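Colleague: please find the sequence and the predicted model below.
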Amino acid sequence: MYDGDIASVLITEQQIGEKVAELAKQVADDYPENGTDLVLVGVLKGAVMFMTDFARALPVPVQLEFMAVSSYGSATSSSGVVRILKDLDRDIAGRDVVIVEDIIDSGLTLSWLLKNLASRNPKSLEVVTLLRKPDAVTVDVPVKYVGFEIPNEFVVGYGLDFAERYRDLPYIGTLDPKVYTS
Ligand code: PRP
Ligand code: MN
Ligand code: MG
């Protein structure tokens, strides 16, 4: 599949599975069942694979919500100005909420999302991300749960795309530069 497009496997399917279980344990320990379900907010589309695996790995009941956002301006770098394409279906006031992201790159998407969701008065608001790139430290976003810190390379798979392709790969790999320079 995608013959020759993937330069190297950065994180294997097995490593992803182990990390998802580890993150789920951390989150479950921090949110013991209290009669009100935890709300997971997955950020479409990149977070779908992680969201579905993470929700099933969590030994506490969760409700699934999704948001789709799009940054205005350049297609290749986030401008920090975000537009809601799909909003939550439910009110999150008074609820424990965890945003589920596949990757934090510049941190601008998440920075905006945290402000937006915080204004809806949840009881608590945290973030779990599978991947984080080094640039994310330049924007001050508090992320409690991080799976892997990765180098500043173009990665695809397990939800992450290049031009909407490669999301269906079960592992995370680096993209051969020939794919985006040709
Ligand atoms: C990607 C990724 C994160 C965001 C991170 O989403 O899934 O949501 O960019 O970038 P940032 O930290 O620089 O803001 P994208 O906008 O490509 O949409 P997608 O999830 O549909 O691929
Ligand atoms: Mn995304
Ligand atoms: Mg994308």
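Modeller: Right, received. Where do you want to start? Numbers count the residues shown, from 1 in each chain. Ligands and ions are numbered 1, 2, ... in the order given.

Colleague: so who does the closest residue to ligand 1 within the chain touch?
Modeller: Nearest residue of the chain to ligand 1, counting by CB to the nearest ligand atom: Gly46, 2.7 Å away. No exception for glycine: its C-beta is placed from N, CA and C like everyone else's. By CB atoms under 8 Å, 6 or more residues apart in numbering, the contact set of Gly46 is Glu101, Asp102, Ile103, Gly159, Leu160, Asp161, Arg167.

Colleague: and if we set it to 10 Å?
Modeller: Listed by CB atoms under 10 Å, 6 or more residues apart in numbering, the contact partners of Gly46 are Glu101, Asp102, Ile103, Thr109, Leu130, Leu131, Tyr158, Gly159, Leu160, Asp161, Arg167.

Colleague: secondary structure element for the first one?
Modeller: Under DSSP states H and E, the secondary-structure element containing Glu101 is strand 96-104.

Colleague: also the fifth one?
Modeller: Element membership for Leu130, per DSSP H and E: strand 124-132.

Colleague: can I get the helix or strand that comes right after that strand in PDB, CA atoms only?
Modeller: As assigned by DSSP H and E, the chain's next helix or strand after strand 124-132 is strand 145-149. What follows is strand 145-149, C-alpha atoms only, in PDB (Å, rounded to 0.1, in the frame of the first residue of the first chain):
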ATOM      1  CA  TYR A 145      -1.300  13.700  28.400                       C
ATOM      2  CA  VAL A 146       1.300  13.300  25.600                       C
ATOM      3  CA  GLY A 147       2.000  10.000  23.800                       C
ATOM      4  CA  PHE A 148       5.200  10.600  21.800                       C
ATOM      5  CA  GLU A 149       7.400  13.600  21.300                       C
END
